[in-house]
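Colleague: Take this sequence and fold it.
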Amino acid sequence: MIKNVQQILLSLIVSLMFLTACNNRPNEENTNSEESLTIHQNSKQESTADESNNEDSQDSTLDNEEADAMEDTRINLTFNNEEVIVSIDDNPTSKDFLSMLPLTLTFEDYAGTEKISYPSNKLSTEEAPSGIDPAVGDLAYYAPWGNLAIYYKDFGYSNGLIKLGEIKSGIEKLKNLNGDFTVIIEKIE
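Modeller: Numbers count the residues shown, from 1 in each chain. Sure, this is the predicted structure:
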C-alpha cells in the first residue's frame, strides 16, 4: 500500500513539473516577442535618426555649396575699353541683382562721390540691413531710389543703402570718367 502511495505521489510530482514547464513556455515566447519588438523599434528609430541626419547632412552640404558658390561670385564691368572686376557679397539683394545679368546701363556722376544708374527693376530688400556706411570701391543698391551706386570717394552712413559687392581693383578707371557712360555688366562664370 505504501508503495502505491509513493507511485501516485511520484506521478503527481512529475505531472506538476510537466505542467509547470509547459505553462512557462508562452511567457518565454512573449518575452522573446517583446524583446524582438523593442529591438525592432530601436532599430527603426535609429534608421529614422540616420535618415534625418543624412537629410540634415545633405541640406548642410547644399547650403555649404551654395555659400561657397556665392563666395567666389564675381562680375565684370566693361566700359570705354576698360574692365573692372567686382566681388559680389552673399545676400538676397546681390542674388536678385545677379539674376538680372547681363545688363547694359548708363551711369552718371552723383555728388562727386559715386557713379549711379537705374536698372529697370527694383531689387529685393529681403534680409537687408537698415543701411550701411559705404567704403571706396563698394557697389551698392540704394533702395529708396532704386539705383545702383559705385563709390569712388568716401561717403557717410545712409539708410536704405545695401552693399552688393566690392571692386577689387580699377576704381580709378571709373573715378576719372566725366559725363554719362555705358557699362556692360556680366557675371564671370
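Colleague: what does stretch 97-105 contact?
Modeller: 73, 75, 88, 117-119, 121, 123, 141, 148, 164, 182-187 (C-beta atoms under 8 Å, 6 or more residues apart in numbering). Any C-beta I mention is one placed from the backbone N, CA and C, and that applies to glycine too.
Colleague: what about it, how long is it end to end?
Modeller: 13 Å (C-alpha to C-alpha, to the nearest Å).
Colleague: buried ones in that stretch?
Modeller: Buried positions in stretch 97-105, judged by neighbour count with 16 or more other C-beta atoms under 10 Å: 97-98, 105.
Colleague: Which members of the contacts of stretch 97-105 are classed as buried?
Modeller: In the contacts of stretch 97-105, the ones that pass as buried (16+ other C-beta under 10 Å) are 73, 75, 88, 117, 123, 141, 148, 164, 183, 185.
Colleague: between these, which is nearest residue 171?
Modeller: Within those, the smallest distance to residue 171 is 13.6 Å, found for residue 183 (C-beta to C-beta).
Colleague: Hmm, the closest one is touching residue 107, no?
Modeller: Yes. Here residue 183 lies in contact with residue 107, judged by C-beta atoms under 8 Å, at a distance of 5.5 Å.
Colleague: where does this protein have low pLDDT?
Modeller: Applying pLDDT under 70 to the chain flags residues 1-70.
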